[in-house]
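**Student:** Provided below are the primary sequence and the corresponding predicted coordinates.
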Amino acid sequence: MNDNLMPVIACHECDLLQREVQLPRGGTAYCRRCGGILYRDSPDSLDRTLAFSLAAAILFLLANTFPIIGIELQGNRSAVNLFGAVYSIWNQEMKLISLLVLVTTILVPAFELAMMIYLLLPLKFQEMPPGTALILRILQSMKPWGMVEIFMLGVLVALVKLSHDFIIIPGVALWSFGGLTLMLAAVASSFNARDLWGNLERESGTGVSE
Amino acid sequence: MSAKEVTAAELGLCSCHVCALVSRPLQTAGPSHCSRCGSVLYFRKPAGVARSWALLIAAYILYVPANLMPIMATGSLTSYRVDTILSGVVYLWETGSWVISAIVFTASIMIPLMKLISLTLLLISVQRNSSWHPEQRTRLYRLVDLVGRWSMLDIYVVTLLAALVQLKSLAVVKAGPGAVAFGAVVVLTMLAAIYFDPRLIWDPLRKERQL
């Protein structure tokens, strides 16, 4: 009955019940039946995620402060930062588009980063911040709606389109967005909610078995 | 480990959709909550198929104006053109930006179409309790879930161009009503994929075994 020492997990994609196994450093456990990812081992998850989140937060501020691209045509110039673009579209009576862009490129990433830092900074000093369970729940449901990497590709496509007719002036935020895209990808791959749930369990003393 | 395959639901166990804790829901009226994270517990996403169908049908309807109505109008001293999604891709191809044209074609035309067809197939197969290649269908679902967001590309391109190209009489770009419909299609199909529960693909196998 040595098996019973390890908790069970059900695959989120096919519901197959399986015993958990110890993973090697950086390993991933896959479902035996459908091949879905069950869980991962992320080395130094807390430290790495915190570091990437702080870097991403700084880049996020830069990316939202400075203009992304500027254009010039016969001495006439125009440049926008991200919020300026959202605002401009709002005034062009494209309110739904404006909101969609605002939510997916500004609000969701900002909230994600703020919550990540709020969770991980106290944990670094061995403290569990209040509301951890709620925040993790919200973070999970928000995940598909942060689209900075897609926005970045959009910026590149726009650059190519603009380069036919205008002189392009790359802005500071263009590079910041590039960096932010990389940092957010790093946050996503280093963050392991499973570790936090483990902490939460030890804190509150609930057991896995009924 | 035994080779016998049993699902959590068969044993009356619920896997928390947030923290993955496996527990037995209380036998009381009203929803049970996960003992670790407090999320509502359910065996399968509630009304997943119905919600998914509703969102998908709405997406199909909006798919028509998204492709027929202009997403962008470009005006300059010498020219004025109105573009739909497809004509925008063609224009990029003709002006020699092949790579960008291919990227936009993939994100704006191939992915939305693939998503609509895939979700329809998945929903029909689940409703008919099909046990046809569950592993392949799960893979299809994963793909839909993974690439669906990238259709948002055109929305960002239009936003940037319309915000940036405002040089009074020299050059002006305006977003068109097609962009709103297209944005709605992307959001609706993303939601349809989120509400779809891939575990339903595997449930018919269990019923066959019990017979």
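**Tutor:** That came through, no problem. Here the structure is a predicted model, which is why all the values come from computation and not from measurement.
**Student:** what's next to the top helix by length along chain B, contact-wise?
**Tutor:** Longest helix in chain B, counting residues (DSSP state H): helix B:48-68. Identification of contacts with helix B:48-68 by C-beta atoms under 8 Å, 6 or more residues apart in numbering or on different chains yields B:84-86, B:112, B:116, B:119-120, B:123, B:126-127, B:177-178, B:181-182, B:184-185, B:188-189, B:191-193, B:195-197, B:200. Any C-beta I mention is one placed from the backbone N, CA and C, and that applies to glycine too.
**Student:** contact partners of stretch B:18-33?
**Tutor:** With C-beta under 8 Å, 6+ apart, stretch B:18-33 has contacts from A:7-10, A:12, A:17, A:39, A:133, A:136-137, A:140, A:193-194, A:197, A:208, A:210, B:8, B:12-16, B:34-37, B:39-42.
**Student:** and those residues, which of them are buried?
**Tutor:** Taking 16 or more other C-beta atoms under 10 Å in any protein chain shown as the criterion, what is buried in these is A:8-10, A:12, A:17, A:39, A:133, A:136-137, A:193-194, A:197, A:208, B:8, B:13-16, B:34-37, B:39, B:41-42.
**Student:** tell me which element the residue of chain A found nearest chain B is part of?
**Tutor:** With C-beta to the nearest C-beta as the measure, A:Gly154 is the residue of chain A nearest to chain B, at 2.9 Å. Using DSSP states H and E, A:Gly154 maps to helix A:148-163.
**Student:** how far away is B:Ala58 from B:Ile71?
**Tutor:** Using C-beta to C-beta, to the nearest Å, one obtains 19 Å as the distance from B:Ala58 to B:Ile71.
**Student:** between the two, who's got more neighbours?
**Tutor:** B:Ile71 (28 against 17; other C-beta atoms under 10 Å in any protein chain shown).
**Student:** residue contacts, that one?
**Tutor:** B:83-85, B:88, B:154, B:158, B:175-176, B:178-179, B:182.
**Student:** present the residues you listed as JSON lines; the columns should include pLDDT.
**Tutor:** As requested, the contacts of B:Ile71 are arranged in JSON lines below (pLDDT from 0 to 100):
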{"residue": "B:Asp83", "pLDDT": "93"}
{"residue": "B:Thr84", "pLDDT": "95"}
{"residue": "B:Ile85", "pLDDT": "94"}
{"residue": "B:Gly88", "pLDDT": "92"}
{"residue": "B:Asp154", "pLDDT": "95"}
{"residue": "B:Val158", "pLDDT": "95"}
{"residue": "B:Ala175", "pLDDT": "93"}
{"residue": "B:Gly176", "pLDDT": "93"}
{"residue": "B:Gly178", "pLDDT": "95"}
{"residue": "B:Ala179", "pLDDT": "96"}
{"residue": "B:Phe182", "pLDDT": "96"}
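**Student:** against A:Thr104, how distant is B:Gly75?
**Tutor:** The gap separating B:Gly75 from A:Thr104 is 28 Å, by C-beta to C-beta.
**Student:** which one's more surrounded, the two?
**Tutor:** Per other C-beta under 10 Å, whichever of B:Gly75 and A:Thr104 has more neighbours is A:Thr104, with 24 against 16.
**Student:** all the strands of chain A, in order from the start?
**Tutor:** Per DSSP state E, chain A carries strands over the ranges A:8-10, A:17-19, A:28-30, A:37-40, A:69-73, A:76-80, A:167-170.
**Student:** please flag which of the contacts of stretch B:18-33 sit within helices.
**Tutor:** Filtering the contacts of stretch B:18-33 for helices - DSSP H - leaves A:133, A:136-137, A:140, A:193-194, A:197.
**Student:** remind me which residues of chain B are low pLDDT?
**Tutor:** B:1-4, B:207-211 (pLDDT under 70).
**Student:** from it, which residue is nearest to chain A?
**Tutor:** B:Tyr156 (2.9 Å).
**Student:** re the thing from before, the strands of chain A: which one's closest to A:Leu182?
**Tutor:** The minimum distance between A:Leu182 and the strands of chain A falls on strand A:167-170, with 17.4 Å, by C-beta to C-beta.
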